[in-house]
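Engineer: Sequence first, predicted coordinates after that:
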Amino acid sequence: SGSGAVPTAPIVIYSIEMWGEEDQKLEVKQKVPLNAFRIPLQAGEACEVWVAKANGGSGGWVPGNVSKAEKTMINGYSVNPGSGNSIDRIPPTQIRRTYPVGKEVNLYKGPE
């Protein structure tokens, strides 16, 4: 007979060291969950950028392509939204990958 405790799935937590140019340590992030990881976007990659609307309106996601991706994300991304004007210094929290309809993608569902 057992203790009555219900087994739970393991929780994986990481500490991440962020490094800049010339091996300069920028900061350490503690207790980073696996779902916060993302491979940096590359120049030419399809994406969407969060753009706030003027005059108190709600914002929205605008499609575009990464025009410049720095080695470090201190300066953020540059994106061409198709209007001809590049948007610079976009923080990683305001940009997301997009995939064409029908493209095969891999999905990680955590440790099994």
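Structural biologist: Looks like it arrived, so ask away. Residues are numbered from 1 along each chain as shown.

Engineer: in which helix or strand would I find residue 96?
Structural biologist: strand 95-97 (DSSP states H and E).

Engineer: isn't residue 99 right next to residue 46, touching?
Structural biologist: Yes. In this structure, residue 99 is within contact of residue 46 by C-beta atoms under 8 Å, at 7.4 Å. C-beta here means a position set from N, CA and C on the backbone, and glycine is covered the same way.

Engineer: For stretch 97-106, report the contacting residues that lie outside it.
Structural biologist: Outside stretch 97-106, the residues that touch it by C-beta atoms under 8 Å, 6 or more residues apart in numbering are 38, 41, 45-48, 63.

Engineer: Could you export those as TSV, including pLDDT and secondary structure?
Structural biologist: Listed next are these as TSV, based on pLDDT from 0 to 100; DSSP: H, G, I helix; E, B strand; the rest coil:
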residue	pLDDT	secondary structure
38	79	coil
41	89	coil
45	92	coil
46	92	strand
47	93	strand
48	92	strand
63	90	strand
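
Engineer: Residue 69: which of those is nearest?
Structural biologist: residue 41 (5.7 Å; C-beta to C-beta).

Engineer: Excluding chain neighbours, give the residue nearest to the closest one in space.
Structural biologist: The spatial neighbour of residue 41 that comes closest, neighbours along the chain excluded (C-beta to C-beta, 6 or more residues apart in numbering), is residue 66 at 4.9 Å.

Engineer: Partner strands of the helix or strand containing the one you found, with direction?
Structural biologist: Assigned by DSSP H and E, residue 66 belongs to strand 60-69. Neighbouring strands of strand 60-69 in its sheet, by DSSP bridges, are strand 46-51 (antiparallel), strand 77-80 (antiparallel).

Engineer: Could you pull up phi and psi at residue 35?
Structural biologist: phi -70, psi 0 (degrees, to the nearest 10).

Engineer: and it, how many neighbours does it have?
Structural biologist: 9 (other C-beta atoms under 10 Å).

Engineer: repeat for residue 87
Structural biologist: If we define neighbours as other C-beta under 10 Å, then residue 87 has 19 of them.
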